[in-house]
Each structure stands twice: as structure tokens, then as C-alpha cells.
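In: Make a model of this:
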Amino acid sequence: MCGVLFIHSPAIYDYHIVLCDRFIDRVCYSSTSVIVIFFERTAGHALYLVLLFACGVHPIAWPLAPAVLVYRGYTFGGTIYILFSVYRVSGALIALVLYLPVHLLFDLLFLCVCALSFDRARHFCFDKEELKGMLCEFALALIAVVAVCLLEALLLAVLFHPLGNIV
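Out: Purely as a prediction, here's the structure:
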């Protein structure tokens, strides 16, 4: 909601229009290979995972998780507004078919990771079992990130990229 509410400020509008232009230019209608886009998007979302799992090491890192989620919500709201208001029909297609489902899947995953991290932070100690458990959870979350990015890549390949740009 914050992205939609504050979009009318010139600085915020400019920030979101640049984000939308980059997404449309570099992801949707890019001449870059879908495989390259898949790896770039996977690496970016894996970074979010690292930040959210860092919250599970100590309670002092807890504010990091809401900061990540609020930023994602802020950019999500502004991007949806721009896609519908500036790009009209093509933006609505991108928003409803690609951006919204993928973003919501990632948000669900990140909320689950936050819950795990907050639970772990209360009793975390740097012993072998705790680190092993955290690495197992991270690996499972990373597999989920790869699955969502693979879904996004498939949607890109089928709906937005010409056949020559798949590989």
C-alpha cells in the first residue's frame, strides 16, 4: 500500500518508473537469454534469503526482516500502479500474468523464512546442530526460490520472449 499511497510524490514516482522500465526492458522484452535472466533473478532472490536467514542468528537482527518485507511491499505497490497507469493494457498483462503471481509466491516464501528465523533467533547458538538445521532450511528455501524463478522463466519464454531469445 505504501508504494501506491506515496507514488504521487515526484521523487518516488521517478524511482518507481525507473524500476518498471528496468523490469520491462531487462526481463520482459529483453534480448537477453531467458536462462541468463533466470540465473540473475535467482541470485537476487537468494540474497534476500541470506538477509532473512541472518535474522535467525540473533534477536538484534530482527529489524532486518521487516525492512526487507516493507521495501518489497513498497516497490510492489508502486510498480503495480505504474504498470496499470502508464503502460495500460500491456502493463496490465505483465502485472497479472507475470509480476503479480511471481511476487506473491516470493512474498509467501519470505514470510515463511521470517517465521523460521524469528523462531530460531530466540535460542540460537553456534553449535553444530543449530548450524546444520539452519543450512538445511536455507537449502530448502533456496530450492523454492529456484522453483519460483523457473516458473517465471517459463512464463517469460512462453509469453514474452521470442523463440530466438530462449537460449
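In: rest of the way, CA atoms for contacts and neighbours
Out: Noted.
In: Quick check, Leu51 in contact with Pro66.
Out: No: contact between Leu51 and Pro66 fails when scored by C-alpha atoms under 8 Å: they sit 10.9 Å apart.
In: who has more neighbours, the two?
Out: Leu51 (16 against 13; other C-alpha atoms under 10 Å).
In: Relative to Ala157, how far out is the more buried one?
Out: Between Leu51 and Ala157 the distance is 30 Å, computed by C-alpha to C-alpha, to the nearest Å.
In: and what of His123?
Out: Look at His123 and Ala157: by C-alpha to C-alpha, they are 44 Å apart.
In: can you check Trp62 too?
Out: 38 Å.
In: Equivalent analysis for Arg120, please.
Out: Distance check for Arg120 against Ala157: by C-alpha to C-alpha, it reads 39 Å.
In: Repeat that for Leu93.
Out: 15 Å.
In: Which one's more surrounded, the two?
Out: Between Leu93 and Ala157, Ala157 has the larger neighbour count (other C-alpha under 10 Å), namely 20 against 14.
In: From Leu108, how far off is that one?
Out: Distance check for Ala157 against Leu108: by C-alpha to C-alpha, it reads 24 Å.
In: Please apply the same query to Glu129.
Out: From Glu129 to Leu108 the distance is 27 Å (C-alpha to C-alpha).
In: Same question for Ala141.
Out: In terms of C-alpha to C-alpha, Ala141 sits 11 Å off from Leu108.
In: and those two? which has more neighbours close in?
Out: Ala141 (19 against 12).
In: does that one belong to a helix or a strand, and which?
Out: Taking DSSP states H and E as the criterion, Ala141 maps to helix 128-155.
In: Spatially, which residue comes closest to Arg92, not counting chain neighbours?
Out: One correction, residue 92 is Ala, not Arg. Spatial nearest neighbour of Ala92, chain neighbours left out: Phe84 (5.3 Å); criterion: C-alpha to C-alpha, 6 or more residues apart in numbering.
In: Skip ahead from the strand or helix carrying that neighbour and say which helix or strand is next.
Out: Element membership for Phe84 (DSSP H and E) is helix 64-85. Note on helix 64-85: by DSSP H and E, the next helix or strand toward the C-terminus is helix 88-94.
In: Which neighbouring elements make contact with the helix or strand just after that following helix?
Out: Once helix 88-94 ends, the next helix or strand along the chain (criterion: DSSP H and E) is helix 100-121. Packing partners of helix 100-121 (3 or more C-alpha pairs under 8 Å, 6 or more residues apart in numbering; DSSP states H and E): helix 34-54, helix 64-85, helix 128-155.
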